[in-house]
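Enquirer: just the structure for this:
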Amino acid sequence: MSNDKQNVVVILTVGKSDNGRNATMAFSCGLSALAMGHDAIVFLTSDGAIWGYRGSARGITVQGFPPLADLISQFQDDGGRVILCSVCHRTCSTGSPDDEPTVERLPKTEIGGFATILELAMNGMSVTF
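Expert: The predicted structure follows:
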């Protein structure tokens with residue numbers, strides 16, 4: 001493995017339809033990137049935007065993995081960035097674009113758009129779940 005630090009952008013588009021399996025894989029992948037010394041970003045878009053809100057991962061555990069809420073917390077505590085899609089923040093997970101979200105975002109969760117993610121991925125790699 002090269003010692004060059006890269007951005008690893010993990011794009012998560014799946015919500016609760018698979019009982020948290022893709023979300024668990026995405027945050028586990030992000031944690032692996034951090035453990036390898038890379039900068040890791042999980043970008044939550046489309047149905048995956050749901051994971052950027054408090055309580056969304058509560059009670060979700062995929063066999064063989066720690067609970068999803070613990071993975072998300074550990075990812076953020078270890079320096080991983082969670083970026084919630086700026087469009088989905090207003091529409092995909094909360095209803096009308098005119099409504100303010102009724103559920104609070106996870107602490108340290110950023111809002112960003114496709115340009116932000118593309119710029120981060122240009123200096124590294126991306127993986128999609």
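Enquirer: all the helices of this structure, in order from the start?
Expert: Secondary structure of the chain (DSSP state H): helices at 21-35, 68-77, 114-122.
Enquirer: by contact count, what packs against the longest one?
Expert: Okay, so that is helix 21-35. Packing partners of helix 21-35 (3 or more C-beta pairs under 8 Å, 6 or more residues apart in numbering; DSSP states H and E): strand 7-12, strand 39-44, helix 68-77. Quick note: C-beta positions are derived from backbone N, CA and C, even for glycine.
Enquirer: check which strands are paired with the second one and give the direction for each one.
Expert: Looking at strand 39-44 with DSSP bridges, its paired strands and their directions are strand 7-12 (parallel), strand 81-85 (parallel).
Enquirer: point out the most buried one among the helices and strands packed on helix 21-35.
Expert: For these, average neighbour numbers computed from mean count of other C-beta atoms under 10 Å are highest in strand 39-44, which has a mean of 26.
Enquirer: any stretches of the protein with poor pLDDT?
Expert: The chain contains residues with pLDDT under 70 at 1-3, 90-102.
Enquirer: correct me if wrong: Asn123 contacts Lys5.
Expert: No: Asn123 is not in contact with Lys5 according to C-beta atoms under 8 Å; the separation is 9.6 Å.
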